[in-house]
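Participant: This is a predicted model, with the sequence first.
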Amino acid sequence: MATSCLEVRSVSRRFGGLQALDACSFEVERQRSTCLVGPNGAGKTTVFNVITGFVRPDQGTIRYNGEPIHGRPTRDIVRLGIARTFQNLRLFAEMTALENVMVYLRDDDGTGPVEAILRPWRTGAALRRKEEAAQALLAEVGLGHKSGEVVRNLSFGQQKLLCIARVLATGAELLLLDEPTSGLSQSALTAMVDLVDKLRSQGRTLLVVEHNTRVVQRIADEILFLHQGRLIARGTPAEILGDPALAAIYFGAAA
Amino acid sequence: MSFLLSYLVLATIYSIAALSTNLLVGIIGIFSVSQAAIIGVGAYTVALLAGVVPFPVAMLVAVVLCALVNVLLALPSLRVAGDYFVVTSFGCQLVATAVFINWDTLTGGASGIVAIPAPSLFGFTADTPQTFLVISTIALLAACAGFWLLMRSPFGKIVHAIREDETAVLAAGKNVLRAKVSVSAVSGVYAGLAGGLYATFLNFIDPPSFDLHVSILILTMLVVGGARTLAGSIIGPFLLLALPQLLNLVAVPPTMAGPLRQFIYGALLIAFMLFRPQGIAGRRL
């Protein structure tokens, strides 16, 4: 049986009058692809925000590999091995694709100002190492030929692939992908699904917010169904997508 | 001749000041309008210490003090975003000017400090514009080298990224606070250097040398020259400081020269913002 790496226990979070998460509990299993689905406003992005330390849970605990991470700063959580993408991308638009990935690289070589000025050769070597590492990651997501391009000039599909390269650069074991295929044209969608599928077959642990049921069917080992801030069902794609009651919630609430 | 040399010395000093402002405003995106205050702290520190301790020691104290004060003034930017920080920074500038004017036992009040000794290094005293130009040029070259090394380093990339999207840098697991504090400290070092050189070159400082107008002048230099780049921080000061000299050439009545200069600075600021926001050699702010 697969072991879980992330355990979310009874996590609640309220924003003013809105109970975004209501005693929400689930696990994410190592080296599996888990899709988080549910109607708009179900709390999917809030789940990402509490896991990655952008939002503190009001109640509940989150453990990663047994270690409590709730309430800890994002920086620590990334270091422990959880990284995320954003629904609205949050790329550095005026920087090149290569630089975007370089900023996300895990190793801290050359990231100190004093070192940059007083040890220029060492910093130069660190810079070249980082450029090579970033270039390899761009090639991995199919953007090897776009490394020098300023992000603003990339197509939307390329920008979304770049987000994946960035999140890979953190070296995190658990990747949280927030709607990787939303807004993509058919060809870009195919490229993204192939990439996510590749990550899955490489044995990475994925937690993916996804709306497109065909995509979910292709990439999910397991589905978590979230509704009004609670986990109301979990199962294989066949079990969840074949359940008429869940379909009614999903499509009814979306309508 | 001495006129030209004085212009060159001042232009090198203002270039260091522009680099200081560029680091905050252009590079990391902390929109400070109080850089003249920091330069003032450096200038007053060197003016007070110059006769007491050797010049390099006075400069070192000024540079460290300015780094600390600049970090302190930039700290609100961690809590207060964008436009609100401008107002906070404006307040800091007003407070600094009030201190320069009113703490007269230390600063000499409105009449300032006179007869500041010229800098002397290894038995060589820079008491003429020629000799001072050597010192200020070396200082500017060092400042440029530091700026260039910082900007090309992985640290420089993180700093640029913070200006574009701080949240995304946090999500990368990077220490945003440390980067902001570091850039503010380096910017403070540059301001202290500029201030110390200014005081020892002119041998005289007073509160108006470091008031809001001067902060705005440096920002104008940055806008005209071009923010975010090394070249922009040099072109701006050299161009704008040449303006008063040019006005001297076209026989403007002396009573008109001052107001006309302010008018032209203002008009340039507006024109560049409207028609060329990236400046001559920079990128859009």
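Facilitator: That came through fine.
Participant: okay, CA-based contacts and neighbour counts for the rest of this
Facilitator: Noted.
Participant: Neighbours of A:Pro180, how many?
Facilitator: 25 (other Cα atoms under 10 Å in any protein chain shown).
Participant: Surely it is in a helix?
Facilitator: No: using DSSP: H, G, I helix; E, B strand; the rest coil, the assignment for A:Pro180 is coil, not a helix.
Participant: Please report the distance of it from B:Ser215.
Facilitator: Look at A:Pro180 and B:Ser215: by Cα to Cα, to the nearest Å, they are 46 Å apart.
Participant: what about B:Leu106, how many neighbours?
Facilitator: For B:Leu106, using other Cα under 10 Å, the count is 15.
Participant: I'd guess it is in a helix, am I close?
Facilitator: Yes: assignment of B:Leu106 by three-state DSSP places it within a helix.
Participant: how near is it to chain A?
Facilitator: For B:Leu106, the distance to chain A equals 33 Å [Cα to the nearest Cα, to the nearest Å].
Participant: show me where the chain has helices.
Facilitator: Looking at chain A here, since you left the chain open. A:44-51, A:74-80, A:97-104, A:113-118, A:120-140, A:156-169, A:186-201, A:213-219, A:237-241, A:244-254 (DSSP state H).
Participant: wrong chain, I was asking about chain B
Facilitator: According to DSSP H, the helices that chain B contains are B:2-21, B:35-49, B:55-74, B:76-79, B:82-102, B:104-107, B:129-152, B:154-164, B:166-171, B:176-202, B:212-225, B:230-249, B:254-275.
Participant: Show me the one of the helices of chain A that comes nearest B:Tyr265.
Facilitator: Proximity to B:Tyr265 (Cα to Cα) singles out helix A:113-118 among the helices of chain A, at 34.1 Å.
Participant: then that closest one to PDB, C-alphas only?
Facilitator: The C-alpha coordinates for helix A:113-118 follow below in PDB (Å, rounded to 0.1, in the frame of the first residue of the first chain):
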ATOM      1  CA  PRO A 113      25.000  40.500  -2.000                       C
ATOM      2  CA  VAL A 114      28.400  40.500  -0.200                       C
ATOM      3  CA  GLU A 115      29.500  37.400  -2.000                       C
ATOM      4  CA  ALA A 116      28.400  38.800  -5.300                       C
ATOM      5  CA  ILE A 117      30.600  41.900  -4.900                       C
ATOM      6  CA  LEU A 118      33.600  40.400  -3.000                       C
END
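Participant: Surely A:Arg90 is in contact with B:Asp165?
Facilitator: Yes: using Cα atoms under 8 Å, A:Arg90 is in contact with B:Asp165, at 6.6 Å.
Participant: Those two: who's more crowded?
Facilitator: Legend: neighbour count by other Cα under 10 Å for A:Arg90 and B:Asp165, higher for A:Arg90 (17 against 14).
Participant: so who does the more buried one touch?
Facilitator: B:165, B:167-168 (Cα atoms under 8 Å, 6 or more residues apart in numbering or on different chains).
Participant: Now do the contacts for the closest residue to B:Leu241 other than its chain neighbours.
Facilitator: Excluding the flanking residues, the one nearest B:Leu241 by Cα to Cα, 6 or more residues apart in numbering or on different chains is B:Ala11, at 6.5 Å. Taking Cα under 8 Å, 6+ apart, we find B:Ala11 in contact with B:237-238, B:241.
Participant: What parts of chain B come near chain A?
Facilitator: B:146, B:149-150, B:153-158, B:161, B:164-165, B:167-175, B:182-183 (Cα under 8 Å from any Cα of the partner chain).
Participant: List the backbone torsions phi and psi for B:Arg228.
Facilitator: phi 70, psi -20 (degrees, to the nearest 10).
Participant: Nearest spatial neighbour of it, chain-adjacent residues omitted?
Facilitator: Nearest to B:Arg228 is B:Gly26, by Cα to Cα, 6+ apart, at 4.7 Å.
Participant: Same question for A:Val78.
Facilitator: B:Gly173 is the one closest to A:Val78 (Cα to Cα, 6+ apart), at 5.2 Å.
Participant: Now do the same contact list for that neighbour.
Facilitator: A:74-79, A:104, A:106, A:170.
Participant: Same list, those residues, but as JSON lines with neighbour count, pLDDT and distance to B:Ser187 please.
Facilitator: Output for the contacts of B:Gly173, formatted as JSON lines (neighbours: other Cα atoms under 10 Å in any protein chain shown; pLDDT from 0 to 100; distance: Cα to Cα, whole Å):
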{"residue": "A:Thr74", "neighbour count": "27", "pLDDT": "95", "distance to B:Ser187": "27"}
{"residue": "A:Arg75", "neighbour count": "20", "pLDDT": "94", "distance to B:Ser187": "25"}
{"residue": "A:Asp76", "neighbour count": "16", "pLDDT": "95", "distance to B:Ser187": "28"}
{"residue": "A:Ile77", "neighbour count": "21", "pLDDT": "96", "distance to B:Ser187": "31"}
{"residue": "A:Val78", "neighbour count": "25", "pLDDT": "96", "distance to B:Ser187": "30"}
{"residue": "A:Arg79", "neighbour count": "16", "pLDDT": "94", "distance to B:Ser187": "29"}
{"residue": "A:Tyr104", "neighbour count": "25", "pLDDT": "97", "distance to B:Ser187": "25"}
{"residue": "A:Arg106", "neighbour count": "19", "pLDDT": "92", "distance to B:Ser187": "27"}
{"residue": "A:Thr170", "neighbour count": "25", "pLDDT": "97", "distance to B:Ser187": "29"}
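Participant: I'd like these laid out as a markdown table, including distance to A:Gln202.
Facilitator: Below are the contacts of B:Gly173 laid out as a markdown table (distance: Cα to Cα, whole Å):
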| residue | distance to A:Gln202 |
| --- | --- |
| A:Thr74 | 26 |
| A:Arg75 | 25 |
| A:Asp76 | 25 |
| A:Ile77 | 22 |
| A:Val78 | 20 |
| A:Arg79 | 21 |
| A:Tyr104 | 21 |
| A:Arg106 | 20 |
| A:Thr170 | 16 |
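Participant: count of neighbours near the nearest residue to B:Arg261 once chain neighbours are set aside?
Facilitator: Counting by Cα to Cα, 6+ apart, B:Arg261 lies nearest to B:Pro244, which is 6.6 Å off, once chain neighbours are set aside. By other Cα under 10 Å, the residues close to B:Pro244 number 15.
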